[in-house]
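Visitor: take this sequence and fold it.
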Amino acid sequence: MINPIEDEDSTKLLVAIDCEIYYYSTRNSITNIYKMDASGIEQPIIIDDNHQDWWVRVSPNKDKMLWYKSPKQGKKYNNYKQAELWMADIDGKNPQKVIDLDNYDWKAQGVADWSPDGTEIVMAAEEKGGHWHLFITDANGDNPQKISQRDAMFLDPSWSPDGQKIVYTALPIDFQTNAWDLVSVGQKIEIHVMDKDGSNEIQLTDDFLRDHDPYWSPDGTEIAFETWWDTNVLHCLVGKWSIRKYNFDTEAVTNVLKDPEANAIPRWTENSEKVYFNRKECTGRPKVVRANRDGSNLETVIENDAYPIYDVDLVY
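Guide: As a prediction, the model looks like this:
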């Protein structure tokens, strides 16, 4: 039953869902974390008027959550250079800082993701030398081990369903960086996979299109990700972003959704039949949508006419 709170600024659930959805939303210049249950009721989980709270990920056993906290000043969210990794109970109680930048002498950090068994966390961090690398810690954020083995730009890590591999974005092994052509550098960020110890690195995409935020389907057959396919940032101030996927059987990359809007951060349903993602249309605020894995039946799931909604984690 869909039963959203009815007021002008309410967050509305527009279709039936069979899970809880965690997300972050900027309201009155503060980004905090919320949950929408299957009945359409929104609940605040992390509310902090003095900080920005963003990038929420719930543990596989559904008892803990990770997120990043950064200062109120400056960027509204995604401030990787001042980010702290925090952990709390799934209801937001007992919050504690897990990784401060000073802990490991990093310059920036972000995009943490739980392993499927909940015993490890993978994340990206920028070292003092200026390179972004991938690290795996234990479930408490301790004992970081760098798994990326070359100096490049490693971003957006997440796990394979069996927990044995990491999918991520990076500059290719043979890419020659041209400091005078930053657009070309960005356009060569491609999807890669490797074993969790950093061995057997394989590049999956190679098309001079900038890719980000890859996630493996639970059935193990495909990886969904976002692609900046039109770099004209004057289009709605962000350019045009599609949702694409890589199929391991065919080794082909196909579109889930490619249109003039900005589509980002895909998340699979538990049965791998649908993909949820963020969508920013030129005439509206960022919202949560979903489509079948073949791109059909696009529908809005959650929206708020007054405030943007970013990112999702699906909890079954």
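Visitor: ok, which stretches of the stretch 101-250 of the chain are strands?
Guide: 108-114, 120-126, 132-138, 145-146, 154-159, 165-170, 190-195, 202-203, 210-216, 222-230, 240-247 (DSSP state E, counting those that start in this stretch).
Visitor: the residue lying closest to H235 once chain neighbours are set aside: helix or strand, and which one exactly?
Guide: Spatial nearest neighbour of H235, excluding adjacent residues (CB to CB, 6 or more residues apart in numbering): P260 at 7.1 Å. C-beta coordinates here come from the backbone N, C-alpha and C atoms, glycine included. Per DSSP states H and E: P260 is located in neither a helix nor a strand.
Visitor: pretty sure P260 sits against K240.
Guide: Yes - taking contacts as CB atoms under 8 Å, P260 lies within contact range of K240: 5.6 Å.
Visitor: ok so, going back, tell me how far the residue nearest to H235 lies from C236.
Guide: 8 Å (CB to CB, to the nearest Å).
Visitor: what touches both of the two?
Guide: C282 (CB atoms under 8 Å, 6 or more residues apart in numbering).
Visitor: follow-up on the earlier one: mind checking which of the strands of the stretch 101-250 of the chain is nearest C19?
Guide: strand 210-216 (15.3 Å; CB to CB).
Visitor: helices or strands up against that closest one?
Guide: Judged by 3 or more CB pairs under 8 Å, 6 or more residues apart in numbering; DSSP states H and E, the packing partners of strand 210-216 are strand 154-159, strand 165-170, strand 190-195, strand 222-230, strand 262-268.
Visitor: name every strand pairing with the second one and say which way it goes.
Guide: Here the strand partners of strand 165-170, with direction, are listed using DSSP bridges: strand 154-159 (antiparallel), strand 190-195 (antiparallel).
Visitor: and the pLDDT at K72?
Guide: Listed pLDDT for K72 reads 92.
Visitor: shouldn't it be in contact with N50?
Guide: Yes - in this structure, K72 is within contact of N50 by CB under 8 Å, at 5.6 Å.
Visitor: I'd like to know how many residues surround the closest residue to N304 other than its chain neighbours.
Guide: In this structure, N304 finds its nearest non-sequential neighbour in T11, 4.4 Å apart by CB to CB, 6+ apart. T11 has 23 neighbours, counted by other CB atoms under 10 Å.
Visitor: and what of Y316?
Guide: Neighbourhood size, Y316 [other CB under 10 Å]: 9.
Visitor: that one touches C19, doesn't it?
Guide: Yes - at 4.7 Å, Y316 and C19 qualify as touching, with contact defined as CB under 8 Å.
Visitor: what sits in contact with each of those two?
Guide: What both Y316 and C19 touch, as defined by CB under 8 Å, 6+ apart, is the set E270.
Visitor: how about the contacts made by the residue nearest to N304?
Guide: Contacts of T11 (CB under 8 Å, 6+ apart): P4, I5, S25, Y34, M36, E42, I302, E303, N304, Y307, I309.
Visitor: pLDDT wise, what is the closest residue to N247 other than its chain neighbours at?
Guide: Nearest non-adjacent residue to N247, counting by CB to CB, 6+ apart: E222, 5.2 Å away. Looking at E222, its pLDDT reads 98.
Visitor: what residues are up against E222?
Guide: W216, K245, Y246, N247, F248, S272, R293.
Visitor: burial of the last one, as a residue count?
Guide: Residues within reach of R293, counting by other CB under 10 Å, total 20.
Visitor: my read is that it contacts S272, right?
Guide: Yes - counting by CB under 8 Å, R293 touches S272, with 6.7 Å between them.
Visitor: pLDDT score for the closest residue in space to K81 that isn't next to it in sequence?
Guide: Nearest residue to K81, sequence neighbours excluded (CB to CB, 6+ apart): A108, at 4.5 Å. On the pLDDT scale, A108 is placed at 97.
Visitor: list the contacts of A108.
Guide: So A108 contacts Y80, K81, A83, L101, A125, E126, W132 (CB under 8 Å, 6+ apart).
Visitor: what are the phi and psi values at the third one?
Guide: The phi/psi pair for A83 (degrees, to the nearest 10) reads phi -80, psi 140.
Visitor: quick check: it vs A125, distance?
Guide: From A83 to A125 the distance is 10 Å (CB to CB).
Visitor: which residues do those two both contact?
Guide: With CB under 8 Å, 6+ apart, A83 and A125 have common neighbours A108, Q109, G110.
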